[in-house]
Structures are given as structure tokens and as C-alpha cells.
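Visitor: Predicted model and sequence below, questions to follow.
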2 protein chains.
Amino acid sequence: MSVASARAERSRLSATDWEQAALDVIAEQGVAAVAVEPLARRLGVTKGSFYWHFGTRDELLEATLRRWEQADAGALIAQVDRIADPRERLLELFRRTSREMRSHVIYSALLKALDHPAVRPVMQRVSQRRIQYLSLAYRALGLSRRDATHRSRLAYGAYVGFLQLMLLLKLERMTAEEFEAYVDHVVATLIPARGSVQPAAD
Amino acid sequence: MSVASARAERSRLSATDWEQAALDVIAEQGVAAVAVEPLARRLGVTKGSFYWHFGTRDELLEATLRRWEQADAGALIAQVDRIADPRERLLELFRRTSREMRSHVIYSALLKALDHPAVRPVMQRVSQRRIQYLSLAYRALGLSRRDATHRSRLAYGAYVGFLQLMLLLKLERMTAEEFEAYVDHVVATLIPARGSVQPAAD
DNA sequence: GCCTGTCAATACGCTACCGTATGGATATGA
DNA sequence: TCATATCCATACGGTAGCGTATTGACAGGC
């Protein structure tokens, strides 16, 4: 089923359709590839349609990012947050992060477009929020305020860096077992062993 | 002293001048901003000059990256490599990495342009080499082959990720002391304590 | 059955960049 | 001194994208 024929069935497009397509393009080719005319071609339509739904290209971008931020970006944390034990929660967070791709691909693509004024604030909020969440979990694990802050930054930095080295550099494609072993090492290194921390006083 | 007047003194440009300017632009605005006409303006010259020195824009990019790879990219390792004790070597590597900016800015800018066919292989080589170096140091510290591989990836990933969060996201501008404290935390977390590892058999 | 609002096609002008062609300037050395 | 090699300016044609203006198609409410 070609793009154009898909369109023939749906007949008309909504703003949401454009945002959805824009997010796909971000995942596949990055923010810079979100261009009106290519997008229109992709949807089997001309830009005459686009400029009915949006005023400018940047408006589309902003709408797309807004949608991403509130729909996708917080999904993982929401799932894991039910786990009571902080160590299990962190562990599960690390583990889940290591599955699923698309969400990371998008995050990584946005990371490469931080110079864009519409992208930066969104990424700031999302990243801050996640680091904050990590920090709280570390805190609950018994780390001091300082250590929790530092460790959460380190952990999140490791996540972000791994994304680059993996998805984008394709440093080498690891096997599934190799990857599991790596995640285990990360967990062992970045999550304090059970009973190794006594609650800090601060 | 304006760009144009600087040019009036040097009078004529060499290919190296163009590569140098290109690297500056990469550091300031990323790979995508390396464009012939803007570069010419920056150098107080027209593109008539450029196309005498280079055949295409991509040729300039490749030459620039080639120069960067062999001149700048290995500088840090070369300095640190004289240190005999592996733990001190790693420590000094981490510490030095946390000073100086420009080299990291460039590395980070190149990271954002990995889709470009001229950039990817360069970054692969440079990153591989560095991770390899880290791994060897960890090995010398007594870690097993597996652990050294994993730990070096983790450490380098943390470096790369921190670059993004810092230089590009400007998550918050840390003070110098805050930053020192963070580096100390990283060192304590990612470099095994002295005497905590007994040489592995593998 | 037609009017109106909704979505889309077409055609246009504009900007920024790439790459080519050709001639001009300048320094150097024979 | 003048010839050649080196470096640069100018002018041109081409592409890809943005945004606007105008008209067309069609469905639903009246």
C-alpha cells in the first residue's frame, strides 16, 4: 500500500496527521528533515494542504514537540513509578530503558537539534524531569543529597552517551547477550549494592 | 580588526586557512553551517577563491576532518600516556578531560552530524581508539577483559552524554566547585578503589 | 438543492546555497 | 620585462526549500 493510496482511503488530513508524520521523520532523519514540501510528498499531498493547517514550518515543529513531550516522553517513568522498593524501581528503570527503540531514537534525534530554539526548552524540561526522578530514587536508596545529584547526572549522562555511541555511531552492533551483560555491568556500577549505604543525615 | 582587514594583511589564502575556518565554524555552529559562501564571507573573500582550493564543499569537510583527526583528536591521550601507574593515568585523563573546552565542543558538534558520510567513519575511528585506550587502562588496573570492556564503554558514554547535557543543553551552568565535586564523584564511581581489585585470571 | 466551511492543487516570487566559466590581478623567476 | 602560475572576482545557471495567493472540490447543514 503506497503512501498515496493510503491517503486515498483517509481522504483528508488533520493537523495531527502532520504532527505524526513529522515525528516519524524526526525519528528517521532528524529534525532538519522536517520540511514542508518533502512532508507533503510523503503524505501524498501538496503543501497547499499544509499551510491550511499550520502557519509556518516552525509551528508544526512546536506542535509536534508539544505532543511528544506530554504523550511519549513521560511514559516510562509513569510505568515504573508504581514499584515501591527504590532499588527495584531503579533496576526496572534501567532494564526497561534498554528495551524498546523508537522513543530513544526520537530523544536522540532531538538531542542533535538542540540549537533550534523550539527544541532546546522541551529537551531541557524532559531531561531535567528525568534526572530529577533518578535523583529522588537514589535519595530513597539512602544516598546523600550531593551524591544523589551527582549519581543521577552520571547515570543519565551514561544513558545519553550510550545512545549516541549505539544508535548513531553503531560502534558495533552488539548481540543481545552482550547487551544484557553490559546493562548488568552498568546496573552493578551505578546502583549501590543492597546494604552498602546507610541513610545519610542531610 | 575586522575579518576583511585581517585578510588585507595576509593577502592570500591557502587551503589550510579554509580548513581552519571550517573547523571554527564547526565549533561555533556545527557541521551544517560549513557552507561555501558564508565561509567566504567570513574570510573576506568570494567563493571564486574557494573553488580554486577545493573541488566541492564535501572535499573541504573531508580535509578538515582529516586534519582534526590526526592533529587534535589524539592530543590528550598522548599527553597522559606518559604516566606509568594506570590508576594515576586514568585519574589524570578524567581530570584533564574536565578542563579545556574547544576540543570537546568540536567532538560534540561532530557527534551531531553522524549521518553525514564523511563524519561517521572519522568519529568511529576516534571513539573506538579512545574507548580502546580506556579499556587498556582498566585492564592494567586489574579488571577482567569483560569488565574492562564494559567499564570503558560506560565511562566514555558518560563523557559523551555529559557533553550533551552540559555544552548543549546547558542543563544549568555549574560553578567551578560544583563541577569539581561532580568529577570527583565520577572518578570515585568509575575508577575502582585502590586495592579493590585482584588481578583477574583471563 | 444550494451555501458555506473545510481541505487541497496550482502557480508564483523569494532566498540561500552549490558549482561552473571566464577573465582580472599579482608575484616570481627566467 | 614579461610569462606563467597562483589566487580571486564576477556573472551565471541550477536546486530546494519557504511562504502567499488564488482557485477548485466536496461534504453537511439548512
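Guide: Arrived safely, thanks for sending. Residues are numbered from 1 along each chain as shown, chains lettered A, B, ... in the order given.

Visitor: what about residue A:16, how many neighbours?
Guide: Residue A:16 has 12 neighbours, counted by other CB atoms under 10 Å in any protein chain shown. From N, CA and C alone the C-beta is placed, and that goes for glycine too.

Visitor: Where does it fall, secondary structure wise?
Guide: Element membership for residue A:16, per DSSP states H and E: helix A:15-29.

Visitor: Which pLDDT value does the model give the spatially most central residue of chain A?
Guide: Geometric centre of chain A, nearest residue: residue A:107, 3.5 Å, by CA atoms, centre = their mean. pLDDT recorded at residue A:107 is 95.

Visitor: Show the contacting residues for the nearest residue to it once chain neighbours are set aside.
Guide: Computed as CB to CB, 6 or more residues apart in numbering or on different chains, the closest residue to residue A:107 that is not its neighbour in sequence is residue A:163, at 7.0 Å. By CB atoms under 8 Å, 6 or more residues apart in numbering or on different chains, residue A:163 lies in contact with A:104, A:107, A:108, A:111, B:161.

Visitor: Now for residue A:163, which secondary structure element holds it?
Guide: helix A:145-163.

Visitor: pLDDT on that helix, on average?
Guide: Across helix A:145-163, the average pLDDT comes to 96.

Visitor: before we move on, what about stretch A:82-97?
Guide: Rounded mean pLDDT across stretch A:82-97 is 93.

Visitor: lowest-pLDDT helix or strand in chain A?
Guide: Least confident helix or strand, chain A: helix A:3-10 with a mean of 47, by mean pLDDT, DSSP states H and E.

Visitor: Would you mind finding the longest helix in chain A?
Guide: Longest helix of chain A, by residue count under DSSP state H: helix A:119-140.

Visitor: Now do the contacts for the residue nearest to the centre of chain A.
Guide: For residue A:107, the contact set (CB under 8 Å, 6+ apart) comprises A:73, A:126, A:163.

Visitor: What separation is there between it and residue B:128?
Guide: To residue B:128, residue A:107 is 24 Å away according to CB to CB, to the nearest Å.

Visitor: got it, and residue A:49?
Guide: Using CB to CB, one gets 46 Å for the distance from residue A:49 to residue B:128.

Visitor: And for residue A:105?
Guide: Distance, residue A:105 to residue B:128, using CB to CB: 22 Å.

Visitor: do residue A:114 as well
Guide: As judged by CB to CB, residue A:114 and residue B:128 stand 25 Å apart.

Visitor: These two - which one has more neighbours?
Guide: Looking at residue A:114 and residue B:128 with other CB under 10 Å, you find the greater number of neighbours at residue A:114, namely 21 against 15.

Visitor: circling back to that earlier point, go through the contacts of residue A:107 and say which is closest to DNA strand C.
Guide: Taking CB to the nearest atom of the strand as the measure, DNA strand C lies nearest residue A:73 of the contacts of residue A:107, at 27.4 Å.

Visitor: hey, C-alpha coordinates of stretch A:132-144 in PDB?
Guide: The C-alpha trace of stretch A:132-144 is given here as PDB (Å, rounded to 0.1, in the frame of the first residue of the first chain):
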ATOM      1  CA  GLN A 132      15.200  14.700  39.000                       C
ATOM      2  CA  TYR A 133      13.300  11.400  39.100                       C
ATOM      3  CA  LEU A 134      16.600   9.500  39.200                       C
ATOM      4  CA  SER A 135      17.900  11.700  41.900                       C
ATOM      5  CA  LEU A 136      14.800  11.100  44.000                       C
ATOM      6  CA  ALA A 137      15.200   7.300  43.600                       C
ATOM      7  CA  TYR A 138      18.800   7.500  44.600                       C
ATOM      8  CA  ARG A 139      17.800   9.600  47.600                       C
ATOM      9  CA  ALA A 140      15.300   7.000  48.600                       C
ATOM     10  CA  LEU A 141      18.100   4.400  48.300                       C
ATOM     11  CA  GLY A 142      20.000   6.300  51.000                       C
ATOM     12  CA  LEU A 143      22.400   8.400  49.100                       C
ATOM     13  CA  SER A 144      23.200  11.900  50.400                       C
END
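
Visitor: who touches residue A:136 in this structure?
Guide: Residue A:136 makes contact with residue A:148 under the criterion CB under 8 Å, 6+ apart.

Visitor: Return the residues of chain A in contact with DNA strand D.
Guide: Residues of chain A lying near DNA strand D by CB under 7 Å from any atom of the strand: A:35, A:36, A:37, A:38, A:47, A:48, A:51, A:55, A:56, A:57, A:58.

Visitor: Closest one to residue A:133 out of those residues, please.
Guide: residue A:58 (29.9 Å; CB to CB).

Visitor: relative orientation of the helix or strand where the closest one lies and helix A:15-29 in degrees?
Guide: Assessed by DSSP H and E, residue A:58 sits inside helix A:57-71. Orientation check (axes from the mean of the first three to the mean of the last three CA atoms, to 10 degrees): helix A:57-71 against helix A:15-29 gives 90 degrees.
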